[in-house]
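*Asks:* The following block contains a protein sequence and its predicted model.
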Amino acid sequence: MTTAWVRSLLQWFNESQREMPWRSDPSPYHTWISEIMLQQTQVVTVIPYFQRFIQSFPSVESLAKADQDDVLKHWQGLGYYSRARNIHKTAQVLVESYQAVMPSDFEELQRLPGIGFYTAAAISSIAFEKPVPVVDGNVLRVFTRFWGIYDDIRHNQVKTMLFHKLESYIKEAKPSDFNQAIMECGALVCQPQSPLCTQCPLQIDCFAYVHHKQKELPVKSPAKKVPTVDVVVGVIMNDNCLLITKRPDHKMLGGLWELPGGKIEKHESPEQALYRELREELGIDSEVGSQVCMVRHAYSHFKIKLYAYSCKITAGTPQPLSAVDVKWVNVDDLNEYAFPKATHKVWADLKKYNLNNLV
Ligand code: SF4
């Protein structure tokens, strides 16, 4: 017999679920790509990225064969670029060791690059109907409210506890529907600030609703203060070409291109830092000119203030010493390369200049 709240949730999902391109064909490949894109990113943002990605790389084999730059270019703007690099690596592992077929087993999936506990649960339940519950932010919110759980959801024990509690219910339903129904209910109904309890399929049995505790739950300790890092980059032009460098794979934003430069140390002015960074990164001496813009950008664990200075080479030829590649790129061809969001903000500001006249 199906538990009443499970029945009510599934019926609601059947009537209310949103259309999503990966839902119409929930193959393991589509499920995997969509679940990775959906981490930290809203459905509406993901949809066009997913469609472009699948159009360019329709199969595991085509993704494995692709150039990493091309994969990153398709990811540009989604952020958290290690996700794209891991997707690419996993496609290659699947081709080399799994005949390009994604495994269905929850444990096995977690051995693949970039597939953790949550994504493995999503793939094995949604694409293979294995009874493995997913526990993401939505699920945590719904069930701490539903069951009246007052533990801090930043602690992993809460996730583990909910995973085991939900294991006994997922068996009562089609696992793909069960998991997607809970996530959809969290996204559409049990929203963080103003849950729409009167429309909720879980209302009758919900602790938070019955006891008016929606605002108290879930319990989440305050996030740590995010530090700000000052960074300086050089705008170095030569005959309508701009000098750009490629970040190493193992670093944050690895594989993306950027303007050369780096962190401003405490004792340094931006000019001094840029002169030093260009020597260390490219082996060149430079004359640092004036500041052309300053942009701000927030990443998940820190914020940056990025200063861009015009600059000209006075000695040496740029070589990739700490970067993995260096290129002179015609300014009209910049859109062929994948850049971080902060660099795009610099491009927007640079539009007001004639770049060749900067120094
Ligand atoms: Fe969330 Fe309200 Fe539904 Fe309870 S009744 S699960 S608080 S939306």
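*Replies:* Arrived safely.
*Asks:* where does the residue of the stretch 1-150 of the chain found nearest the ligand land in three-state SS?
*Replies:* Going by CB to the nearest ligand atom, the ligand is nearest to residue 145 of the stretch 1-150 of the chain, at 4.1 Å. Where you see a C-beta, it was placed from the backbone N, CA and C, and this is true even at glycine. Per DSSP: H, G, I helix; E, B strand; the rest coil, the secondary structure class of residue 145 is helix.
*Asks:* ok now do it, which residues does it touch?
*Replies:* Residue 145 makes contacts with 190, 195, 206-209, 213-214, 217-218, as judged by CB atoms under 8 Å, 6 or more residues apart in numbering.
*Asks:* Report the entries of those that also contact the ligand.
*Replies:* Among those, proximity to the ligand is found for 190, 195, 206, 208-209, 214 (CB under 6 Å from any ligand atom).
*Asks:* now those as JSON lines including secondary structure?
*Replies:* Output for these, formatted as JSON lines (three-state DSSP):
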{"residue": "190", "secondary structure": "coil"}
{"residue": "195", "secondary structure": "coil"}
{"residue": "206", "secondary structure": "coil"}
{"residue": "208", "secondary structure": "helix"}
{"residue": "209", "secondary structure": "helix"}
{"residue": "214", "secondary structure": "coil"}
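*Asks:* Return the member of those nearest to residue 45.
*Replies:* Nearest to residue 45 among these is residue 190, at 20.9 Å by CB to CB.
*Asks:* Just give the nearest non-adjacent residue to the closest one, would you?
*Replies:* residue 142 (4.7 Å; CB to CB, 6 or more residues apart in numbering).
*Asks:* roughly how far apart are that neighbour and residue 209?
*Replies:* Residue 142 is 11 Å from residue 209, where distance means CB to CB, to the nearest Å.
*Asks:* Also residue 114?
*Replies:* 37 Å.
*Asks:* Residue 296 now?
*Replies:* Using CB to CB, residue 296 is found at 41 Å from residue 209.
*Asks:* quick one, which of the two is more surrounded?
*Replies:* Just comparing residue 296 and residue 209: by other CB atoms under 10 Å the higher neighbour count belongs to residue 209, 19 against 11.
*Asks:* wait, isn't the more buried one in contact with residue 197?
*Replies:* Yes. Using CB atoms under 8 Å, residue 209 is in contact with residue 197, at 4.8 Å.
*Asks:* intersection of neighbour lists for the two?
*Replies:* Counting by CB under 8 Å, 6+ apart, the residues touching both residue 209 and residue 197 are residue 203.
*Asks:* residue ranges for the strands of this protein, please.
*Replies:* With DSSP state E, the ranges of strands along the chain come out as 228-238, 241-246, 257-258, 261-263, 285-298, 303-315, 325-330.
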